[in-house]
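Student: Provided below are the primary sequence and the corresponding predicted coordinates.
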Amino acid sequence: MAMRFSFLIQLSIKICFVCASSNICSPCECSSLSQEGCIFMDCSSRNLSKLPAFIPNSTCRLNLQNNLIETLVNDSFKELKNITSLDVSFNSMFELQGTSFAGLSKLEYLDLSSNNISFNATAETVFSPLQRLRSLNISNNTYPMYPRELLGSLGSLHSLTMDVLVTLTAVMLFTSVVLSGICYRYRWNLIYFFYATKLKHKRNTRTGDDSYDFDAYVSYADVDFDFVRNMVNKMENLLGTRLYIRDRDSIPGAPIAENIIDGIRRSRRTVLVLSRAFLRKKWCRNELHMANMESVSTRRSVMIIIMLEDLPRQHIPPEILYDVQNGSFVDYPQEEAEMDQFWRNLQVAVEV
């Protein structure tokens, strides 16, 4: 035991002697931290522009704080597998290379604060070797947002120190992404309920009458207007059905979404004139969504589908795909002899 203790003392003295005799390492101070030969190498405030040429393999703590080091080149610590604590704060570093920390498999504490490191330009794998890292300080550096890709591989990380502004930015960014996703997913619900509430207030203030002003709101693509003109002639002029035609009955100057919802809510049914042009038209799809929301919110059957032409099933919107697959639609007849019956069947469906 005495011989072992004597050997350790001699080893520590020898290491300090080497540190003191090296041109680069000579300012450093080396001291033993344990009976196992663990070395603390203090190279802080020595005006070093690069890593010391000689660092003992038994070093477990390395302090390079407050120097002039500009970069940690690849494999800087490759042979230093025993380091558990590394402090490179208050230097002039502007970059970390892809394998700067290769070999530091036992590192638990890393301080990179108060440098000029641009983490957005840093390789995503730079921290990958640090699987035991528990504490990381990267405050006072350059990163306009949370470096998520860099830190994702640090499974043992318990403590992360960053600038307050960046942390708040990261939280706000994450929150905004989540809220944006929620708003996008439920955008039709939000649009519908916003304008429905607004219109309900207006109607209650104006008339207090909840009866329907129209028998059907007609949703169509502009290129299918000849069909709609014929529909007006047959159903309004001859059969007395009241139709809401957006090009005729919309309120001038009101938002398009408000006019759509107003027309749908004032109508007993919504007739979808389904065609390829309809599926390509943005506002036709919006009308479909709003009619679907009216069905859900009022728990009544609203939509009547007219298949103006044959459409591939994969192009049918999911809101009406079930109805189409189960034959719950009206086919536009190709034979002139069937037209009168078609209009009468449509009138019955609208006024039920």
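Tutor: Okay, I see it. Here the structure is a predicted model, which means the values were calculated and not measured.
Student: Would you map the helices across the stretch 251-352 of the chain?
Tutor: 256-265, 276-280, 282-298, 318-325, 339-351 (DSSP state H, counting those that start in this stretch).
Student: Show residues contacting the shortest one.
Tutor: This means helix 276-280. Contacts with helix 276-280, where a contact means CB atoms under 8 Å, 6 or more residues apart in numbering, come from 219-224, 272, 284-285, 308-309, 311, 315, 317. In short, each C-beta sits where N, CA and C put it, glycine included.
Student: go with 7 Å
Tutor: 220-221, 223-224, 284, 309, 311, 315 (CB atoms under 7 Å, 6 or more residues apart in numbering).
Student: again, but for the third one
Tutor: By CB under 7 Å, 6+ apart, the residues outside helix 282-298 that reach it are 188-189, 192, 219, 221, 256-257, 260-261, 264-265, 270, 272, 278, 301-303, 317, 319.
Student: got the angle for that helix vs helix 318-325?
Tutor: 80 degrees (axes from the mean of the first three to the mean of the last three CA atoms, to 10 degrees).
Student: Among the contacts of helix 276-280, name the buried ones.
Tutor: Those of the contacts of helix 276-280 that meet the buried threshold are 220-221, 224, 284, by 16 or more other CB atoms under 10 Å.
Student: winner for burial among the helices of the stretch 251-352 of the chain?
Tutor: Across those, averaging neighbours per residue (mean count of other CB atoms under 10 Å) puts helix 256-265 on top, at a mean of 22.
Student: helices or strands up against it?
Tutor: In terms of contacts (3 or more CB pairs under 7 Å, 6 or more residues apart in numbering; DSSP states H and E), helix 256-265 is packed against helix 187-206, helix 246-249, helix 282-298.
Student: Mind checking the pLDDT average for that helix?
Tutor: For helix 256-265, the mean pLDDT works out to 84.
Student: quick one on the thing from earlier: out of the contacts of helix 276-280, which is nearest to residue 331?
Tutor: Among those, residue 309 lies closest to residue 331 (CB to CB), at 9.8 Å.
Student: quick one: pLDDT of the residue lying closest to that closest one once chain neighbours are set aside?
Tutor: In this structure, residue 309 finds its nearest non-sequential neighbour in residue 275, 5.4 Å apart by CB to CB, 6 or more residues apart in numbering. With respect to pLDDT, residue 275 scores 89.
Student: do residue 221 as well
Tutor: On the pLDDT scale, residue 221 gets 90.
Student: Also residue 350?
Tutor: Confidence score, pLDDT, at residue 350: 84.
Student: Just list the residues touching it, thanks.
Tutor: Applying CB under 7 Å, 6+ apart, the residues contacting residue 350 are 215-216, 241, 268-269, 271, 304.
Student: Could you do residue 242 as well?
Tutor: Here residue 242 is in contact with 214-215 (CB under 7 Å, 6+ apart).
Student: same thing but at 8 Å, please
Tutor: Counting by CB under 8 Å, 6+ apart, residue 242 has contacts 213-216, 236.
Student: any idea how far residue 247 is from residue 227?
Tutor: With distances taken as CB to CB, to the nearest Å, residue 247 is found 13 Å from residue 227.
Student: can you check residue 217 too?
Tutor: Applying CB to CB, the value for residue 217 to residue 227 is 15 Å.
Student: swap in residue 172?
Tutor: Distance from residue 172 to residue 227, by CB to CB: 50 Å.
Student: Which of the two has more residues huddled nearby?
Tutor: The neighbour count for residue 172 versus residue 227, taken as other CB atoms under 10 Å, is higher for residue 227 (17 against 11).
Student: what's in contact with whatever helix or strand the more buried one lives in?
Tutor: Residue 227 belongs to helix 225-231 when assigned by DSSP states H and E. By CB under 8 Å, 6+ apart, the surrounding residues in contact with helix 225-231 are 218, 220, 243, 245, 247, 273, 308, 332.
Student: Now do the helices in the stretch 1-150 of the chain.
Tutor: Going by DSSP H, counting those that start in this stretch, the stretch 1-150 of the chain shows helices at 2-21, 148-151.
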